[in-house]
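[1] Predicted model and sequence follow; I will ask about them next.
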There are 2 protein chains.
Amino acid sequence: MANVRDLSISERAALSPREAREYFRQGQVVPTAGFSAGYAQANLIIVPQALAFEVLLFAQRNPKSCPILGVLEAGQVSNELLAGGDIRTDVPKYVVYENGEKVAEPTDLAEYWREDLVTFIVGCSFTFEAALIEAGISVAHIDQDVNVPMYKTTRRSVSAGSMSGPMVVSMRPIPASQVADAVRITSRYPAVHGAPVHIGNPEELGITDLGKPDFGDAVQIPEGCIPVFWACGVTPQAAVMESRPALAIGHAPGHMLITDVKDTFYQVP
Amino acid sequence: MANVRDLSISERAALSPREAREYFRQGQVVPTAGFSAGYAQANLIIVPQALAFEVLLFAQRNPKSCPILGVLEAGQVSNELLAGGDIRTDVPKYVVYENGEKVAEPTDLAEYWREDLVTFIVGCSFTFEAALIEAGISVAHIDQDVNVPMYKTTRRSVSAGSMSGPMVVSMRPIPASQVADAVRITSRYPAVHGAPVHIGNPEELGITDLGKPDFGDAVQIPEGCIPVFWACGVTPQAAVMESRPALAIGHAPGHMLITDVKDTFYQVP
C-alpha cells in the first residue's frame, strides 16, 4: 500500500470512502480535507453510556456546531455511514481525554475501547468544500496542503448537564467578491454546519491572532480575502476539555471519518 | 374563571399562551387546536433519567415525527418555552403509562412527579394550522370542534435502544385544489412535522377506516377532500406502549402544551 501522503490532490479526491478508510485502518495519518470528493466527512465524540444523554442533549442544543449524522449505540462499531468499516480503526488519528486532559493520540482505539462506549458521528464542514471548489472558490488549506485552522471562541455553547464549553470554529479565507457565494452555497448544507456563523472581524469571536489556531494549522491568507468562520464539530471536544469527564474520545481535529454518504444527501433546496 | 369550553373559536384564538396555560392549570380540559393563534403547541414525553438517552436518540432518528423543541433536564419543571409555567400542571390532560399500559389520565402530575424525570417537548402540527387558515385552507377538526384524528400506521419508526414502535400520523382532509398549497405551507415548518408524509390512499399506511382513529376524534370528511397525513408527536407514546418501560408520561393526544414561542420562529424560507 502506497503512502497516503504521496498521493496527489486529485488522487486523494478520487479515492472511494472505503479505500480512504482502508489507508487509515493501516495506521497512516494525514488530515482528510480533499479526500473522497463528494462524500461527507464527520467528527467523532465517543463517551461512556453514562454520559451519552448529556452529549446528545448538548448536540441537540447546539445544532450549528454539533449536527448529528448518526449514533453508534453501546457495543456497535459500524453502521451504514461506514459500511464494512470499524469506528475503532478507520479514522486517521484519535484523541483520548481523561478528566479533560489529552492523554494519547492513537491511530486506533484497540487499547481504549470498552463495550459501553457510545459514538456520536457529527457533521463536518469538509463536506461542503467540494461544492465550494466546484463553484470556483478555492479552499486555502487544501491548496496549501495543511490542516484547516480551528479556533476556540469566546462564544459559549448552550450547556447540557455537565457539558459546557466554548464554540469552536473553522476558518477559510474567501475573496471578498466570493463571500456571498460561499454563504449561499454552504447554507444549503445545514447538516454539516451550514452557513458561516461569523464573517470578518475575528476579534469579536475572541480570536486575537489568526496565525495561532487552537487546532489544526495556520493558513496563509491570500491578499483580498476575508476570514470566514463556520461552526466546527470539534466543539464537543472543547466541552470535554472544560467539563472533564473521566473518559472521552474524539478524532484528531481535521482527521475525520470519511463516510459512504454523498454530500448531496445533506443538501437542501 | 370562565369555563374554557364556553369560549368561542375567536376567543380561544385570542388567548395569550400564558392565559391558556392558566386555564389548564385550573384543571380545565379541552383539546388545544385553535388556541393562542400564532403560538407553537407541543407534545410531551416524560421519562426517568435512565431512559432519557434512548428517548432522545429515538427523536434524533425520527425527526419528522419527533422534532425536539426543548428538553427539561431532571429536576427542571419550566424553561423559556413556558415562561413562569410548570410542566406538571400547564397541559390540559396527561397520560401515565406503566409497563406500556395507560394507568391514568390526570389533569396534573402532582401524584406522579419524581425528581429524576426528564421532559421532552416535541413539535406539534397544530403549530402550522394558523398558517393554513390564513391561506384560506380550513381545518376540519377546528371547524367541527373536535380533537384531530390520529392513527397508528404500519410504517415503523427507526428504533433506538429499547424504544421502537409505529409512526403515528395526524390527518386533515384538504380540498383537492388546495393540497399542493397545504404541502407548500407546511414544508416551511420542519420543526413542527413539516410536509405531509402521505397524501391520499390511507390503506397504504395500514389505515382501514378513517372513521376510527387510534387517538383523538373522527372528523367528517367534506365532499371533494383528500385525506392528508402528517407525522405526529404522539409517536413516542406509541413506542412507549410497545416497548413497555416501567414509567412514562405523555400529554393526552390533542391536549398540548401551548408555548410562548411564535409559530414564525419555526418557519424556514
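    Nice, I can see it. Residues are numbered from 1 along each chain as shown, chains lettered A, B, ... in the order given.

[2] State the pLDDT value of residue A:1.
    Residue A:1 carries a pLDDT value of 74.

[3] who touches it in this structure?
    For residue A:1, the contacting residues are A:22, A:23, A:26, A:28, by CB atoms under 8 Å, 6 or more residues apart in numbering or on different chains. (Each C-beta comes from the backbone N, C-alpha and C, glycine too.)

[4] Check the burial of residue A:204 by counting its neighbours.
    12 (other CB atoms under 10 Å in any protein chain shown).

[5] residues near the residue nearest to it when sequence neighbours are not counted, how many?
    Spatial nearest neighbour of residue A:204, chain neighbours left out: residue A:198 (7.0 Å); criterion: CB to CB, 6 or more residues apart in numbering or on different chains. The tally of other residues near residue A:198 (other CB under 10 Å) stands at 19.

[6] Backbone torsions only: list them for residue A:198.
    Residue A:198 adopts backbone torsions of phi -170, psi 140, taken as degrees, to the nearest 10.

[7] wait, it sits on residue A:170?
    No. In this structure, residue A:198 is not within contact of residue A:170 by CB atoms under 8 Å, at 11.2 Å.

[8] Mind listing the shared neighbours of the two?
    residue A:229.

[9] Could you tell me the per-residue confidence at the residue of the stretch 1-150 of chain A found nearest chain B?
    Per CB to the nearest CB, residue A:53 is where the stretch 1-150 of chain A lies closest to chain B, at 3.9 Å. Looking at residue A:53, its pLDDT stands at 98.

[10] Would you double-check that it falls in a strand?
    No. Assessed with DSSP: H, G, I helix; E, B strand; the rest coil, residue A:53 is helix; it does not lie in a strand.

[11] Give me the neighbour count for the closest residue to chain B within the stretch 101-250 of chain A.
    Nearest residue of the stretch 101-250 of chain A to chain B, counting by CB to the nearest CB: residue A:161, 6.3 Å away. The number of residues packed near residue A:161 is 15, by other CB under 10 Å.

[12] give me every residue that touches it.
    With contact taken as CB under 8 Å, 6+ apart, residue A:161 is in contact with A:53, A:54, A:57, A:58, B:73.

[13] how about the residues of the stretch 1-150 of chain A near chain B?
    Contact residues, the stretch 1-150 of chain A versus chain B (CB under 8 Å from any CB of the partner chain): A:49, A:52, A:53, A:56, A:57, A:60, A:61, A:68, A:71, A:73, A:118.

[14] from these, which two are the most distant?
    Using CB to CB, the residues of the stretch 1-150 of chain A next to chain B span at most 20.9 Å, a distance reached by A:61 and A:73.

[15] Who does the residue nearest to residue A:67 when sequence neighbours are not counted form a beta bridge with?
    Leaving aside its sequence neighbours, residue A:67 sits nearest to residue A:123 (CB to CB, 6+ apart; 4.0 Å). Assessed by DSSP bridges, residue A:123 has beta-bridge partners residue A:42.

[16] Now for residue A:123: which residues touch it?
    Contacts of residue A:123 by CB under 8 Å, 6+ apart are A:40, A:42, A:43, A:67, A:68, A:69, A:191, A:192, A:193, A:233, A:266.

[17] can we see that at 10 Å?
    Each residue near residue A:123 by CB atoms under 10 Å, 6 or more residues apart in numbering or on different chains is listed here: A:40-43, A:63-70, A:189-194, A:231, A:233, A:259, A:266.

[18] Show only the entries of these found in strands.
    Mapping these onto strands (DSSP state E) picks out A:40, A:41, A:42, A:43, A:68, A:69, A:70, A:231, A:259.

[19] The third one contacts residue A:256, doesn't it?
    Looking back up the chat, that one is residue A:42. Yes. At 5.8 Å, residue A:42 counts as touching residue A:256 under the criterion of CB atoms under 10 Å.

[20] Pull up the overlap in contacts between these two.
    Residues touching both residue A:42 and residue A:256 by CB under 10 Å, 6+ apart: A:32, A:91, A:121, A:122, A:124, A:126, A:127, A:233.

[21] and the spatially closest residue to residue A:51 that is not a sequence neighbour, how many neighbours?
    What sits nearest to residue A:51 in space, not counting adjacent residues and going by CB to CB, 6+ apart, is residue A:245, at 5.4 Å. Counted with other CB under 10 Å, residues neighbouring residue A:245 total 19.

[22] Look up how far residue A:7 lies from residue A:245.
    Residue A:245 sits 37 Å away from residue A:7 when distances are taken as CB to CB, to the nearest Å.

[23] My guess is residue A:46 contacts residue A:76. True?
    No. Residue A:46 is beyond contact range of residue A:76, at 11.4 Å (criterion: CB under 10 Å).

[24] Identify the contacts common to the two.
    Residues touching both residue A:46 and residue A:76 (CB under 10 Å, 6+ apart) are A:87, A:117, A:118, A:119.

[25] Phi, psi for the residue nearest to residue A:253 when sequence neighbours are not counted please.
    Using CB to CB, 6+ apart and skipping the chain neighbours, the partner closest in space to residue A:253 is residue A:215 (3.8 Å). Backbone torsions of residue A:215, given as degrees, to the nearest 10, read phi -140, psi 160.

[26] and residue A:215, what is it in contact with?
    Applying CB under 10 Å, 6+ apart, the residues contacting residue A:215 are A:95, A:147-152, A:168, A:170, A:232, A:234, A:237-238, A:252-254.

[27] Recalculate using a threshold of 7 Å.
    The contact partners of residue A:215, taken as CB atoms under 7 Å, 6 or more residues apart in numbering or on different chains, are A:150, A:234, A:253.

[28] Tabulate those residues (TSV), appending distance to residue A:107, pLDDT and neighbour count.
    Below are the contacts of residue A:215 laid out as TSV (distance: CB to CB, whole Å; pLDDT from 0 to 100; neighbours: other CB atoms under 10 Å in any protein chain shown):
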residue	distance to residue A:107	pLDDT	neighbour count
A:150	20	97	24
A:234	18	95	30
A:253	15	92	24
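
[29] rewinding a little: highest neighbour count among the contacts of residue A:1?
    residue A:23 (24 neighbours).

[30] Check which helices and strands the host helix or strand of that residue is in contact with.
    Assigned by DSSP states H and E, residue A:23 falls within helix A:17-25. For helix A:17-25, the elements it packs on are strand A:257-262, judged by 3 or more CB pairs under 7 Å, 6 or more residues apart in numbering or on different chains; DSSP states H and E.

[31] any idea how far the strand it packs on is from the chain center?
    Centroid displacement of strand A:257-262 relative to its chain, using CA atoms, centre = their mean, to the nearest Å, is 12 Å.

[32] What residues of that strand count as buried?
    Neighbour counts over strand A:257-262 (16 or more other CB atoms under 10 Å in any protein chain shown) mark A:257, A:258, A:259, A:260, A:261 as buried.

[33] repeat for stretch A:38-52
    Under the neighbour-count criterion of 16+ other CB under 10 Å, stretch A:38-52 has A:39-49, A:51-52 buried.
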